[in-house]
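Engineer: 3D model of this:
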Amino acid sequence: MKKLVSLILAVLMLACLFTGCANNDPAPAETPAASEEQTTIRVGAMTGPTAMGMVKLMDESDKGESANKYEFSLQTEATAFAPALTKGEIDIAAVPANLASVIYNNTNGGIKVLAVNATGVLYIVERGDSISSFADLAGKKLYATGEGATPEFALRYLLKANGLDGDNAPTIQWCADTTEALSYISKDENAVAMLPQPFVTAAQTKVEGLKVALNLNEEWQKANDGASMATGVIVVRTEFAEKYPQQLEKFMQEYAASVKFVNENTEQAAELIGNYEIVKAPIALKALPYCNICCLTGDELKDCLGGYLSALYEMNPQSVGGKLPDDGLYYAAEK
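Structural biologist: Below is the predicted model of the structure:
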């Protein structure tokens, strides 16, 4: 028996020698998951509440304090972003909510919505004292901006919801921009107009007696069981989202932090807004509380935007691109 045990031990020792005692070698380290290739994220925003909400992130980016590298571009017209997104010239953009649906439908899912960034920036203003409800707009002349975009579609929806889409509808004079609208308002002592913030505040500094008569977000809530408008959204190219998910997540964190800073530190935010020439700092300071800047994601995003697009679709299917987008529109829905 002792001879047999000795023989087995000898065989084992020889095996260990021939294999180099492989079991004593340290196990190879696991290869870490490959990190994303770092890229400069190209972001587009309009000179208004959408850019105002990003201003802290813009400042941090310029100082080299942001997690990602960014390149920001500001435009006065949202229509500039549609071709830029489809051509891959920008990666992320702040656009009107209905335009996001149109682009999504026209590109077979080429973009996704990351967040609602404004829940109501439109107001009815007047120089007189004749408007206290939507019904008071009947038969009036109304100066307005935003023809063919969210302002027009929201206004027409509310006119219809309040029974003002027939012979009693107001006469709408569409203006190319707020400067043109302001020229008419300043000459008409009985002027009534629909303007977005912060241009409402800017107009009040130039036209004596101009006051806010109606908040369109409040009027929308009355017509939609308390649901808010989703006037603006943040979108991303689907290809970018798939290629750079980690950097996109960092953007969302940094953007949400920027919105929080702007809403909680209006004086500092207004100074930054002025520095970036989005609007003058004194105007920004007065306008910020009325811009409804936000960052709604996840279920809040889907509920707010979905309800808004459904309302627009019922009024005019072409306002959202001919059909309601499917759930692929919502980036959060994929998480």
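
Engineer: Please compute how far stretch 246-262 lies from its chain's middle.
Structural biologist: Relative to its chain's centre, stretch 246-262 lies at 12 Å (C-alpha atoms, centre = their mean, to the nearest Å).

Engineer: Going forward, the N-terminal residue is numbered 20.
Structural biologist: Will do, 20 is the new start, and the previous item becomes stretch 265-281.

Engineer: contacts for that stretch?
Structural biologist: 54-55, 57-58, 60, 71-77, 79, 85-87, 111, 133-134, 136, 253, 255, 259-260, 287-288, 307, 312-314, 316 (C-beta atoms under 8 Å, 6 or more residues apart in numbering). C-beta here means a position set from N, CA and C on the backbone, and glycine is covered the same way.

Engineer: which residues in this protein form helices?
Structural biologist: 21-37, 68-81, 100-105, 116-125, 169-180, 197-206, 218-223, 235-242, 257-262, 264-283, 285-294, 300-306, 317-334 (DSSP state H).

Engineer: rewinding a little: write a PyMOL command that selects only the buried members of the contacts of stretch 265-281.
Structural biologist: To isolate the buried members of those in PyMOL, using 16 or more other C-beta atoms under 10 Å:
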select buried, resi 60+71+72+73+74+75+76+77+79+85+87+111+133+134+136+253+255+259+260+288+307+312+313+314+316
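
Engineer: The helices of the chain: which one's closest to Ala157?
Structural biologist: Closest to Ala157 of those is helix 169-180 (C-beta to C-beta; 9.4 Å).

Engineer: How far off centre is that closest one?
Structural biologist: 20 Å.

Engineer: ok, now stretch 135-147?
Structural biologist: 17 Å.

Engineer: what ranges of the protein fall below the confidence cut-off?
Structural biologist: 20-54, 351-354 (pLDDT under 70).

Engineer: Can you give the domain ranges for it?
Structural biologist: 60-138+248-353, 141-242 (automatic domain parsing).

Engineer: With respect to burial, which of those scores highest?
Structural biologist: domain 60-138+248-353 (a mean of 20; mean count of other C-beta atoms under 10 Å).

Engineer: can you count the residues close to Thr247?
Structural biologist: Residue 247: Ser, not Thr. Neighbour count for Ser247, taken as other C-beta atoms under 10 Å: 21.

Engineer: who touches it in this structure?
Structural biologist: Taking C-beta under 8 Å, 6+ apart, one finds 138-139, 236, 239-240, 323, 327 in contact with Ser247.

Engineer: Skipping its backbone neighbours, what lies nearest it in space?
Structural biologist: Spatially, and ignoring its direct neighbours in sequence, Ser247 is nearest to Thr138 (4.3 Å; C-beta to C-beta, 6 or more residues apart in numbering).

Engineer: Need phi/psi at the one you found.
Structural biologist: With angles defined as degrees, to the nearest 10, Thr138 sits at phi -110, psi 20.

Engineer: Can you lay out the helices of the chain as a markdown table showing distance to Ala188?
Structural biologist: Listed next are the helices of the chain as a markdown table, based on distance: least, C-beta to C-beta, whole Å:
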| stretch | distance to Ala188 |
| --- | --- |
| helix 21-37 | 94 |
| helix 68-81 | 28 |
| helix 100-105 | 29 |
| helix 116-125 | 21 |
| helix 169-180 | 6 |
| helix 197-206 | 19 |
| helix 218-223 | 23 |
| helix 235-242 | 15 |
| helix 257-262 | 40 |
| helix 264-283 | 36 |
| helix 285-294 | 36 |
| helix 300-306 | 29 |
| helix 317-334 | 14 |
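
Engineer: With Phe91 as the reference, name the closest of these.
Structural biologist: Comparing the helices of the chain by C-beta to C-beta, helix 68-81 comes nearest, at 5.3 Å.

Engineer: what packs against the closest one?
Structural biologist: strand 59-65, strand 88-94, strand 111-115, strand 130-137, helix 264-283, helix 285-294, strand 312-315 (3 or more C-beta pairs under 8 Å, 6 or more residues apart in numbering; DSSP states H and E).
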